[in-house]
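K.L.:
output the structure for:
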Amino acid sequence: MGDLVVPKDEGTWSSRISVVDRERLRAVVRRVHLRHYPQHRLSIWEGERLIEAWGPETAEIVIKKARARGL
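P.N.:
Down below sits the predicted model:
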């Protein structure tokens, strides 16, 4: 039997954005969207879940607004 060739997983759309933009998104999520979330339960993972749920189009808008505000 032949081996099954599976394409390498390239990750999610957010794994392809720059590190600086990812940090911008995380900062916006922490400051605005999760500010009422219990601090002892707030983790990077919680923010990442929200960013992934937004999708690339919404994240692009948030990044542009963050850049315009000097974040």
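K.L.:
alpha carbons of the host helix or strand of Gly47, as PDB, please.
P.N.:
Gly47 belongs to helix 44-54 when assigned by DSSP states H and E. What follows is helix 44-54, C-alpha atoms only, in PDB (Å, rounded to 0.1, in the frame of the first residue of the first chain):
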ATOM      1  CA  ILE A  44      -3.800  35.100  26.200                       C
ATOM      2  CA  TRP A  45      -5.800  32.100  25.100                       C
ATOM      3  CA  GLU A  46      -9.100  33.800  25.800                       C
ATOM      4  CA  GLY A  47      -8.000  36.700  23.600                       C
ATOM      5  CA  GLU A  48      -6.900  34.400  20.900                       C
ATOM      6  CA  ARG A  49     -10.300  32.700  20.800                       C
ATOM      7  CA  LEU A  50     -12.000  36.000  20.300                       C
ATOM      8  CA  ILE A  51      -9.600  37.100  17.600                       C
ATOM      9  CA  GLU A  52     -10.100  33.800  15.700                       C
ATOM     10  CA  ALA A  53     -13.800  34.200  16.000                       C
ATOM     11  CA  TRP A  54     -13.700  37.700  14.400                       C
END
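K.L.:
residue closest to the middle of this structure?
P.N.:
Nearest to the mean C-alpha position of the chain, by CA atoms, centre = their mean, lies Ile51 at 3.7 Å.
K.L.:
quick one: contacts for the closest residue to that residue other than its chain neighbours?
P.N.:
The spatial neighbour of Ile51 that comes closest, neighbours along the chain excluded (CB to CB, 6 or more residues apart in numbering), is Leu25 at 5.2 Å. (Each C-beta comes from the backbone N, C-alpha and C, glycine too.) Residues in contact with Leu25 (CB atoms under 8 Å, 6 or more residues apart in numbering) are 14, 17, 47, 51, 59, 62-63, 66.
K.L.:
tabulate these (JSON lines), appending pLDDT, secondary structure and distance to Arg35.
P.N.:
Below are the contacts of Leu25 laid out as JSON lines (pLDDT from 0 to 100; DSSP: H, G, I helix; E, B strand; the rest coil; distance: CB to CB, whole Å):
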{"residue": "Ser14", "pLDDT": "75", "secondary structure": "helix", "distance to Arg35": "21"}
{"residue": "Ile17", "pLDDT": "86", "secondary structure": "coil", "distance to Arg35": "23"}
{"residue": "Gly47", "pLDDT": "84", "secondary structure": "helix", "distance to Arg35": "12"}
{"residue": "Ile51", "pLDDT": "88", "secondary structure": "helix", "distance to Arg35": "16"}
{"residue": "Ala59", "pLDDT": "89", "secondary structure": "helix", "distance to Arg35": "19"}
{"residue": "Val62", "pLDDT": "90", "secondary structure": "helix", "distance to Arg35": "15"}
{"residue": "Ile63", "pLDDT": "89", "secondary structure": "helix", "distance to Arg35": "19"}
{"residue": "Ala66", "pLDDT": "90", "secondary structure": "helix", "distance to Arg35": "15"}
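K.L.:
before I go, just wanted to say thanks for your time.
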